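*Asks:* let's see this in three dimensions:
(chains A and B)
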There are 2 protein chains.
Amino acid sequence: MGIGPGALGHMTLKAKQEIENADVIVGYKTYVKLIDQIIKPETEVFSGNMGQEVDRARKAIQKALENKQVVVVSSGDSGVYGMAGVVFETAAYEKTKIPIEVVPGVTAATAAAGTLGAPLVGDFAVISLSDILTPWNLIEKRLRAAAETDFGIVLYNPKSKGRKKPLALAHKIFLEYRDPKTHVGIVKNAKREGENAIITSLKDMMNYEIDMTTVVVVASSKTYRIDNNLVTPRGYSFSKTK
Amino acid sequence: MGIGPGALGHMTLKAKQEIENADVIVGYKTYVKLIDQIIKPETEVFSGNMGQEVDRARKAIQKALENKQVVVVSSGDSGVYGMAGVVFETAAYEKTKIPIEVVPGVTAATAAAGTLGAPLVGDFAVISLSDILTPWNLIEKRLRAAAETDFGIVLYNPKSKGRKKPLALAHKIFLEYRDPKTHVGIVKNAKREGENAIITSLKDMMNYEIDMTTVVVVASSKTYRIDNNLVTPRGYSFSKTK
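*Replies:* Numbers count the residues shown, from 1 in each chain, chains lettered A, B, ... in the order given. Okay, the predicted model is just below:
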């Protein structure tokens, strides 16, 4: 289940209800903390660390086999770099037949876009820069393909303490295909406590702090700035006469 | 504001609150109907037809200038082929300075993905096949780029009564780069009344009914089928040993 970007208001009604009805909640500790105030005292909670995704899926399946109503939480949408896949895979791997429902949520791409204005109104590509689970040469091909064909590009997991090179490489690739003046939005903690948004250019984006809690939006060539917002025109007639 | 895919449960808490607090609600009539039961009797409602987006934005701005609390609704997320951009653009065009907030919602891509399982766990591209507002040659370039670099691909507006060619062309392009056995999910009315999901292959996808209320997900080469679900592995170790 996706709990949305973090602030409770951006959670769906169904997600809230599922949390309230759960016997067991399983999740990465940072995400469990975000929903702490709506978890009932009698609900069992198993929180864990980054990198223990398969362990969490196993725990969830074990509890479901005990006929418990189990909710596995991810931030954003659980089907976008989240736990949804791992739960299906682990259940299949362990040859268990439990009913699994994926409850969608507001993903970081559109949460960040909303904070920046409307930069993703046209076609866009979502790419994670984490090369732990995806080979870098495939990530690079996708970055080139998306940059060359003027997609709006949303970068998830742009940088971590131990992983700085992919973002620098991505930046170089973008500059090969796009104008240095291309608008870039950098949103830290989108729709979550501590939100901070910066609108800058492709040329200058590396001068700002970017980390694991940040989403980077590289806008299309058509995107323009209206006051403090980035807007990608959909192509309606009044804007053509501008 | 995005109301999510349609079923009220998939709306965010904030979206519901904004509808309840609105003096005026403006939206395409189909979307207004989806939220009809939570609109208060005293709220003014302006609904309109497809193609009248700029008129609706003007009406919303006019009402906002009368100091009304106005909510412009889109289905899904208003920043994904929705009204968010048009509202910013119209306000700028009319040189008005009204405060505009974009409230994100669950977009059709992740709603449909949830219904299909977890096909978008890896990188994905969102492409609209509507060539009314985007030139076809650009859409084609993006289809080729996304197909060639093995993105999960989500097609919005795949086909309408008067527009059948783009989907046929997209299908041909996909077959140039992808195995005919590639998994394809076709979801009509995702997370809305009348939902229907089909899992088929790239080879056979054109045999099924696809229209404007349908989202098509062309999975990556890594995506596999577990019972009635499509799952894209994130790359965790247990699946590597399969």
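
*Asks:* quickly list what residue A:185 is bridged to.
*Replies:* Note on residue A:185: beta-bridge partners residue A:199, residue A:217, judged by DSSP bridges.

*Asks:* OK, contacts around the closest residue to residue A:214 other than its chain neighbours?
*Replies:* Nearest non-adjacent residue to residue A:214, counting by C-beta to C-beta, 6 or more residues apart in numbering or on different chains: residue A:188, 4.7 Å away. Yep, even glycine has a C-beta here, placed from its N, CA and C like the rest. Counting by C-beta atoms under 8 Å, 6 or more residues apart in numbering or on different chains, residue A:188 touches A:194-197, A:209, A:211, A:213-214.

*Asks:* could you pull up phi and psi at residue A:28?
*Replies:* Residue A:28 adopts backbone torsions of phi -60, psi 140, taken as degrees, to the nearest 10.

*Asks:* doesn't residue A:46 make contact with it?
*Replies:* No - taking contacts as C-beta atoms under 8 Å, residue A:28 lies outside contact range of residue A:46: 10.6 Å.

*Asks:* average pLDDT across the helix or strand encompassing residue A:89?
*Replies:* Residue A:89 belongs to helix A:84-93 when elements are defined using DSSP states H and E. The average pLDDT for helix A:84-93 rounds to 96.

*Asks:* that helix: what's the following helix or strand?
*Replies:* Taking DSSP H and E, what comes next after helix A:84-93 is helix A:108-116.

*Asks:* so is that next one next to chain B?
*Replies:* Yes - using C-beta under 8 Å from any C-beta of the partner chain, helix A:108-116 reaches chain B at A:110-111, A:113-115.

*Asks:* re earlier: what residues are shared contacts of residue A:28 and residue A:46?
*Replies:* Joint contacts of residue A:28 and residue A:46 (C-beta under 8 Å, 6+ apart) are residue A:56.

*Asks:* so how far is stretch A:6-16 off the chain centroid?
*Replies:* Relative to its parent chain, stretch A:6-16 has a centroid offset of 15 Å by C-alpha atoms, centre = their mean, to the nearest Å.

*Asks:* let me see the ranges of the strands in chain A.
*Replies:* Per DSSP state E, chain A carries strands over the ranges A:24-28, A:44-48, A:70-73, A:117-118, A:124-128, A:152-156, A:183-188, A:196-201, A:214-218, A:224-226, A:229-231.

*Asks:* what residues does the second one touch?
*Replies:* The list of residues contacting strand A:44-48 from outside it, by C-beta under 8 Å, 6+ apart, reads A:23-29, A:32-33, A:39, A:55-56, A:59-60, A:63, A:68.

*Asks:* do that again at 6 Å, thanks
*Replies:* Residues outside strand A:44-48 that contact it (C-beta atoms under 6 Å, 6 or more residues apart in numbering or on different chains) are A:24-27, A:29, A:32, A:56, A:59.

*Asks:* do the third one as well
*Replies:* For strand A:70-73, the external contacting residues (C-beta under 6 Å, 6+ apart) are A:1, A:3, A:18, A:22, A:24-27, A:31, A:60, A:63-64, A:83, A:87.

*Asks:* coming back round to it: quick check: buried residues in the helix holding residue A:89?
*Replies:* By neighbour count on 16 or more other C-beta atoms under 10 Å in any protein chain shown, the buried set for helix A:84-93 is A:84-93.

*Asks:* using JSON lines, lay out those residues together with distance to residue A:131.
*Replies:* JSON lines is the format used below for the buried residues of helix A:84-93 (distance: C-beta to C-beta, whole Å):
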{"residue": "A:84", "distance to residue A:131": "21"}
{"residue": "A:85", "distance to residue A:131": "18"}
{"residue": "A:86", "distance to residue A:131": "18"}
{"residue": "A:87", "distance to residue A:131": "24"}
{"residue": "A:88", "distance to residue A:131": "24"}
{"residue": "A:89", "distance to residue A:131": "20"}
{"residue": "A:90", "distance to residue A:131": "23"}
{"residue": "A:91", "distance to residue A:131": "27"}
{"residue": "A:92", "distance to residue A:131": "26"}
{"residue": "A:93", "distance to residue A:131": "24"}
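
*Asks:* which ones among those also lie next to chain B?
*Replies:* A:84-85, A:88-89, A:92-93 (C-beta under 6 Å from any C-beta of the partner chain).

*Asks:* residue contacts, residue A:185?
*Replies:* Neighbour list for residue A:185: A:116, A:199, A:217, A:230 [criterion: C-beta under 6 Å, 6+ apart].

*Asks:* how much space between residue A:52 and chain B?
*Replies:* Distance check for residue A:52 against chain B: by C-beta to the nearest C-beta, to the nearest Å, it reads 10 Å.

*Asks:* related to what we said a few turns ago, any idea which of the strands of chain A is most buried?
*Replies:* By mean neighbour count, with neighbours taken as mean count of other C-beta atoms under 10 Å in any protein chain shown, strand A:117-118 ranks first of those at a mean of 30.

*Asks:* parallel or antiparallel, list what pairs with that strand.
*Replies:* Strand A:117-118 sits in its sheet next to strand A:229-231 (parallel), going by DSSP bridges.

*Asks:* where are the low-confidence patches of chain A?
*Replies:* Within chain A, the ranges that satisfy pLDDT under 70 run A:239-242.

*Asks:* OK, contacts around the most centrally placed residue in it?
*Replies:* The centre of chain A sits closest to residue A:108, judged by C-alpha atoms, centre = their mean, with a distance of 3.8 Å. Contact analysis of residue A:108 by C-beta under 6 Å, 6+ apart lists A:5, A:76, A:190, A:215.

*Asks:* tell me which of these fall in helices.
*Replies:* Per DSSP state H, helices hold no members of the contacts of residue A:108.

*Asks:* okay, the angle between the helix holding residue A:89 and helix B:108-116?
*Replies:* 10 degrees (axes from the mean of the first three to the mean of the last three C-alpha atoms, to 10 degrees).

*Asks:* how close does residue A:96 sit to residue A:64?
*Replies:* Taking C-beta to C-beta, to the nearest Å as the measure, residue A:96 falls 8 Å from residue A:64.
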